[in-house]
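would you be able to build a 3D model of this:
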Amino acid sequence: MDYTSPPSEESRQKFKSTILTMLRSAIKVELSTIPLYLYSIYSIIKDDGKGGTQARAKISVVVHQEMLHLALAGNLLTSIDSGPHLYSAASLPTYGGPDDVILYSKIPLRLERCEKSNLECFLRIEAPYLAPSKLTAEEESANTGVHDRVHPVLGALDKFNSIGEFYSELEDMIKKSAEYITFKNKDLQFSPTDFFSDKMTQVTDQKSAHHALKIIIDQGEGSVGVEEAHYQMFLELYMKRTEWTCQPVPNSPKTETYKENKLVYELALAFNASYCYLLVTIQKTWQVSDLLFRRGLIGNIHSIMIDVMTPLAEFMVNEPFQDGKAAPPFEFYDVQAEDPSKVDEAARKLWAAIQLHLGNAINEVQDAEKKEVLNVIKFSAERIMWPMPRLGHSSV
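Below you'll find the predicted structure:
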């Protein structure tokens, strides 16, 4: 695209279409990685006296930052067009299949316990496009097995050679966007008072757009020489990978595989509904400007993750299944309301589905202590209602 002459209306529209496509791709990248890292955390046995708690904490930092990246990418998209559409079968990645790879890479999408191959995958995901500096003797002795493979061979992809190169091109477009894009919708974007304090950026012009994208690049995919970059954090974990133990959870579990175990099956469905309820809530937040309504939505985001998804996952990874333990599948829960205009309907149906499946799971449990744990989770889920009835809003 020629950036040197004053842009015509046709070139403006072409630029806008291209950058919107790339921003939607960036959101899909973030949606792909968050379940990978959460699943890895859930698999680690905490308080095992072998470094499990520390490993979980370090990966949790990465998840926290990936949530920031999702919010920033969503702010960028909202500033140029309408906000992201997160709740749809097309938006959610699938895991474990032969064609399941992370966007703009050949890196397989697999939900796995936090062991060698899992961490190697994370290093490949987060590797910068530019060649990394030579490993030290200590790093070499760790036998990472990834530094010769983290960068896909030039020409192996249709357009981009890596996630890092994709972000590099997106950054270049952002830098040249001032003449092509009118930025808007500040009141629909996540703000520093909502999440992440000074790291959160509301996009109002080319400068703030570049700042938002630079945070994503510096912390994660595409970063080079940044101390807190995800690549460096995972490399440190890789070198300490014998310091914790994992539950024998399956690779990329499917809800259908749990059908013969009624309890685990209902827990998996409850988790999927919770995960999709989280995505619907985040999606809705980019659609409303009313401060009271937004406050309810943002409070729900925290509660769904901390009070429902996390304890549900912890319960599952301690529940026997076949020769190992169960684990959450992170699958799309279909309530026949994928249309973005039906986000409120989807939310209400997903909230009801969480109650239904948790209730069914409780009925399957005989152990009083386990029943009490699930009752607490169900009580927490019941309190995370879609904010409209609680705050007196009507459906949009």
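
burial measure for residue 306, as a count.
11 (other C-beta atoms under 10 Å). In short, each C-beta sits where N, CA and C put it, glycine included.

meant to ask about residue 320, not that
Counted with other C-beta under 10 Å, residues neighbouring residue 320 total 12.

and for residue 205?
Neighbours around residue 205, by other C-beta under 10 Å: 14.

that one - nearest residue in space that isn't next to it in sequence?
residue 183 (5.5 Å; C-beta to C-beta, 6 or more residues apart in numbering).

after the helix of greatest length in the chain, next one along is what?
Scanning the chain for the helix with the most residues, using DSSP state H, yields helix 9-43. Moving toward the C-terminus from helix 9-43, the next helix or strand (DSSP states H and E) is helix 52-80.

picking up where we left off before, so which elements touch the longest helix of the chain?
Contact partners of helix 9-43 among helices and strands, from 3 or more C-beta pairs under 8 Å, 6 or more residues apart in numbering; DSSP states H and E: helix 52-80, helix 116-126, helix 163-175, helix 310-316.

mind listing what's buried in it?
11, 15-16, 19-20, 22-23, 25-43 (16 or more other C-beta atoms under 10 Å).

quick one: residues contacting residue 196.
Applying C-beta atoms under 8 Å, 6 or more residues apart in numbering to residue 196 gives the contacts 68, 71, 190.

distance of the residue nearest to residue 246 when sequence neighbours are not counted from residue 245?
Closest residue to residue 246 apart from its sequence neighbours, by C-beta to C-beta, 6+ apart: residue 113 at 4.0 Å. To residue 245, residue 113 is 10 Å away according to C-beta to C-beta, to the nearest Å.

hey, what's in contact with both of the two?
residue 44.

the two: who's more crowded?
Shown here are residue 113 and residue 245; by other C-beta under 10 Å, residue 113 has more neighbours (22 against 17).

next one: phi and psi at that one?
phi -70, psi 160 (degrees, to the nearest 10).

test my guess that it contacts residue 40.
Yes. Counting by C-beta atoms under 8 Å, residue 40 is a contact partner of residue 113 at 7.1 Å.

for the nearest residue to residue 263 once chain neighbours are set aside, what are its contacts?
Spatially, and ignoring its direct neighbours in sequence, residue 263 is nearest to residue 364 (4.1 Å; C-beta to C-beta, 6+ apart). By C-beta under 8 Å, 6+ apart, the residues touching residue 364 are 262, 263, 266.

check residue 20 too.
77, 80, 81.

pLDDT below threshold where in this protein?
1-5, 48, 104, 128-159, 161, 221-228, 387-396 (pLDDT under 70).

how about the helices in it?
9-43, 52-80, 116-126, 137-141, 163-175, 206-219, 230-239, 262-285, 291-303, 310-316, 343-364, 368-383, 387-391.

name the residues of the second one that come out as buried.
Neighbour-count burial for helix 52-80, counted by 16+ other C-beta under 10 Å, picks out 52, 55-56, 58-59, 62-63, 65-80.

the inter-axis angle of it versus helix 206-219?
If you take axes from the mean of the first three to the mean of the last three C-alpha atoms, to 10 degrees, helix 52-80 sits at 160 degrees to helix 206-219.

show me what helix 52-80 is packed up against.
Packing contacts for helix 52-80, counted by 3+ C-beta pairs under 8 Å, 6+ apart, involve helix 9-43, helix 206-219, helix 230-239, helix 262-285.
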